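Enquirer: need the 3D shape of this:
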Amino acid sequence: MKKKASEAVMELPRQVREELTHRLRHNRGAFRKDDVQVVEPPLLKRAVGASALGNCMEWFDFGVYSYLAATLGKVFFPGASPGAQVISSFATFAAAFVVRPLGGLVFGPLGDRLGRQKVLATTMIMMAIGTFAIGVIPGYSTIGIAAPILLLVARMVQGFSTGGEYGGATTFVAEYSPDRRRGFLSSWLDFGTFVGYALGSALVTVLNLLLSDAEMLSWGWRIPFLIAGPLGVIGLYMRLKLEESPAFQQQLDEHEKSLAQESAGSEFKDIIKRHWKALLICMGLVLLYNVTNYMVTGYLPTYQTETLGRSSSSADVLVLIGMVWIVILITFLGRLSDRIGRRPLYGWAAAAMIVLAVPAFLLIKMEGTWAPILGVLILSTLLACFAAPSAATLPALFPTAVRYAAMGIGFNFAVAAFGGTTPLVTAALVDITGDDLMPAYYLMLAGVIGLITVKFLPESAQVPLRGSQPMVGSNEERRELITTSKELYALAKDSPAADRG
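Expert: Next comes the predicted model:
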């Protein structure tokens with residue numbers, strides 16, 4: 001058994017050994033049976049599956065706006081030039097991100113105080129209402145200036161809802177996942193996100209193929225938004241059937257309950273003061289992920305139609321290919337992040353973005369079929385590398401008592417400032433400069449910021465979440481972890497250099 005324990009220790013990545021050693025020395029002892037929590041496989045599968053499906057439905061609702069941006073510009077801003085229509089449509093798109101931090105500030109504390117499950121059910125139904133509302137708003141030709149105003153209000157309802165969605169969903173799934181498989185299991189959340197995007201893209205593509213331009217402008221654009229109603233009911237049912245995460249239940253059972261209520265209720269200043277470094281790291285990673293995300297999913301369809309002069313159907317098909325490729329890759333990359341660590345995956349992908357952004361857009365600009373597909377696949381592969389470890393990495397930056405609220409701050413402010421504005425800023429830069437490679441330069445800048453951020457990112461693969469017990473998927477894995485911890489603790493006592501505390 002000694003040999004097996006030693007082998008298990010040596011198989012751990014160096015950063016994991018260092019982090020576990022630090023925790024064991026800090027807690028002054030190896031793990032005992034009561035220190036390690038086992039998540040039953042049926043409960044784990046239900047939590048991950050329902051969260052991923054709910055996320056798929058919610059991001060289908062949110063994503064269809066991106067694919068219909070050019071059409072919506074004509075419906076709600078008909079008097080403007082084509083370029084101004086696109087910018088106006090993307091300005092309304094960005095408006096949802098302006099209120100997104102407000103949603104995070106409201107839903108984050110509620111999630112830390114009342115529970116993750118209740119808040120996620122609320123965000124699900126709010127998103128469905130906001131999306132369905134867009135589908136029933138009359139166009140500018142019918143009610144004039146009231147049309148874009150109502151569109152703006154509906155988008156703000158969507159944005160407010162989304163402010164509590166991703167941070168809560170990542171927190172919920174991360175807190176349910178065994179430490180050794182958190183990257184893989186959490187990646188299913190973003191799998192659901194991109195399946196939702198892909199379904200939205202596929203539906204819009206089919207509509208563009210089946211309907212004429214006049215039919216799309218008249219009524220066809222409403223169909224994806226109206227589907228949100230029944231999807232919201234299904235998503236709400238699934239989320240109401242979920243149980244609270246083990247980490248949240250553990251927090252309520254311990255003396256941290258009062259701390260959680262205090263922090264969640266009004267102590268944002270305290271969160272910023274105590275966790276400012278983690279918040280900056282969170283924002284840097286979110287910038288890297290979401291600038292790439294909204295460049296590919298939000299701006300690229302319109303870039304092809306308005307800048308490159310391609311048809312809507314061909315542009316939608318190209319982006320759909322990228323979405324399907326991401327869906328194929330993302331869980332494999334999540335599993336890879338469990339094996340090699342989150343930092344290497346982020347770091348290599350950020351460096352690749354700096355090098356490959358311009359070549360990718362040069363390929364997208366080329367005529368023919370295969371060159372644009374290759375360009376989109378390059379960007380989609382890098383986007384998958386940023387998305388796959390995200391849901392496991394970001395919640396691990398914060399302790400359980402303030403995790404939802406801290407995610408609400410770091411994630412949503414970064415998305416609002418940099419992610420959601422990407423289509424608007426990029427479209428404006430192309431319009432002002434006339435340089436159709438501006439999107440590539442913007443991605444390069446995001447890659448540089450991401451690479452700097454990764455330098456300060458602590459490795460969280462295969463280690464417990466802050467403020468939580470170690471999580472495993474079986475009793476056998478618990479016995480193995482306890483044995484491994486004894487080996488590490490023995491090594492820690494013999495090696496003063498290992499003490500970081």
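
Enquirer: low-confidence ranges, the chain, go.
Expert: 1-29, 62, 80-83, 86, 250-267, 491-501 (pLDDT under 70).

Enquirer: and Gln117, what is it in contact with?
Expert: The contact partners of Gln117, by C-beta atoms under 8 Å, 6 or more residues apart in numbering, come to Phe172, Arg239, Leu240, Leu242, Glu243, Glu244. C-betas here are computed from N, CA, C, even on glycine.

Enquirer: correction: the previous question concerned Val119.
Expert: Listed by C-beta under 8 Å, 6+ apart, the contact set of Val119 reads Phe107, Leu110, Gly111, Gly164, Gly168, Tyr404.

Enquirer: make it 6 Å
Expert: Counting by C-beta atoms under 6 Å, 6 or more residues apart in numbering, Val119 touches Phe107, Leu110, Gly111, Gly164, Gly168.

Enquirer: from those residues, which is closest to Ala50?
Expert: For the contacts of Val119, the residue nearest Ala50 by C-beta to C-beta is Gly168; the value is 13.2 Å.

Enquirer: can I assume the closest one is in contact with Gly111?
Expert: Yes. Between Gly168 and Gly111 there is a contact under C-beta atoms under 6 Å: 5.2 Å.

Enquirer: okay, now Gly200: neighbour count?
Expert: 26 (other C-beta atoms under 10 Å).

Enquirer: make that Phe411, sorry
Expert: Neighbourhood size, Phe411 [other C-beta under 10 Å]: 29.

Enquirer: with Ser380 instead?
Expert: By other C-beta under 10 Å, 27 other residues sit near Ser380.

Enquirer: tell me where the stretch 101-250 of the chain has helices.
Expert: 116-136, 140-143, 146-176, 182-210, 213-215, 222-226, 228-240, 246-253 (DSSP state H, counting those that start in this stretch).

Enquirer: one step back: any chance of JSON lines for the contacts of Val119, columns distance to Ser141 and neighbour count?
Expert: What follows is these, written out as JSON lines (distance: C-beta to C-beta, whole Å; neighbours: other C-beta atoms under 10 Å):
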{"residue": "Phe107", "distance to Ser141": "37", "neighbour count": "28"}
{"residue": "Leu110", "distance to Ser141": "41", "neighbour count": "20"}
{"residue": "Gly111", "distance to Ser141": "42", "neighbour count": "29"}
{"residue": "Gly164", "distance to Ser141": "35", "neighbour count": "30"}
{"residue": "Gly168", "distance to Ser141": "39", "neighbour count": "30"}
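
Enquirer: what's the most distant pair in these?
Expert: Spanning the widest gap among the contacts of Val119 are Leu110 and Gly168, at 9.3 Å by C-beta to C-beta.

Enquirer: just the contacts of Val119 now: which is nearest Arg222?
Expert: Nearest to Arg222 out of the contacts of Val119 is Gly164 (C-beta to C-beta; 26.7 Å).

Enquirer: distance of the residue nearest to the closest one when sequence neighbours are not counted from Asp431?
Expert: Among residues not flanking Gly164 along the chain, Phe107 sits closest, at 2.6 Å (C-beta to C-beta, 6 or more residues apart in numbering). Separation of Phe107 from Asp431 (C-beta to C-beta, to the nearest Å) stands at 35 Å.

Enquirer: where along this structure do the strands fall?
Expert: Taking DSSP state E to define them, one finds strands in the chain at 37-38, 471-472.

Enquirer: gap between the first one and the chain center?
Expert: Taking C-alpha atoms, centre = their mean, to the nearest Å, one finds the center of strand 37-38 at 26 Å from the center of the full chain.

Enquirer: quick one, phi/psi of Phe31?
Expert: Backbone geometry at Phe31, expressed as degrees, to the nearest 10, gives phi -70, psi 140.

Enquirer: from Met471, how far out is it?
Expert: Separation of Phe31 from Met471 (C-beta to C-beta): 12 Å.

Enquirer: out of these two, which sits in the more crowded spot?
Expert: Met471 (27 against 23).

Enquirer: ok, that one touching Pro178?
Expert: Yes. Using C-beta under 6 Å, Met471 is in contact with Pro178, at 4.9 Å.

Enquirer: could you dump the strands of the chain to CSV with distance to Tyr303?
Expert: As requested, those are exported to CSV (distance: least, C-beta to C-beta, whole Å):
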stretch, distance to Tyr303
strand 37-38, 47
strand 471-472, 43
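
Enquirer: most tightly surrounded among these?
Expert: Highest mean neighbour count among the strands of the chain (mean count of other C-beta atoms under 10 Å): strand 471-472, with a mean of 24.

Enquirer: strands paired with that one, and their directions?
Expert: Strands that pair with strand 471-472, judged by DSSP bridges, come out as strand 37-38 (parallel).

Enquirer: hmm, who's touching the strand it pairs with?
Expert: Contacts with strand 37-38, where a contact means C-beta under 6 Å, 6+ apart, come from Pro246, Gln469, Met471, Val472, Asn475, Arg478.

Enquirer: now do 7 Å
Expert: With C-beta atoms under 7 Å, 6 or more residues apart in numbering as the contact definition, strand 37-38 has outside contacts at Pro246, Gln469, Pro470, Met471, Val472, Ser474, Asn475, Arg478.

Enquirer: so for Ala50, which of the strands of the chain sits nearest?
Expert: Closest of these to Ala50 is strand 471-472, at 18.3 Å (criterion: C-beta to C-beta).

Enquirer: please compute how far that closest one lies from its chain's middle.
Expert: Offset of strand 471-472 from its chain centre (C-alpha atoms, centre = their mean): 23 Å.

Enquirer: same deal with stretch 279-292?
Expert: That offset, for stretch 279-292, works out to 10 Å (C-alpha atoms, centre = their mean).

Enquirer: repeat that for stretch 453-472.
Expert: Centroid displacement of stretch 453-472 relative to its chain, using C-alpha atoms, centre = their mean, is 18 Å.
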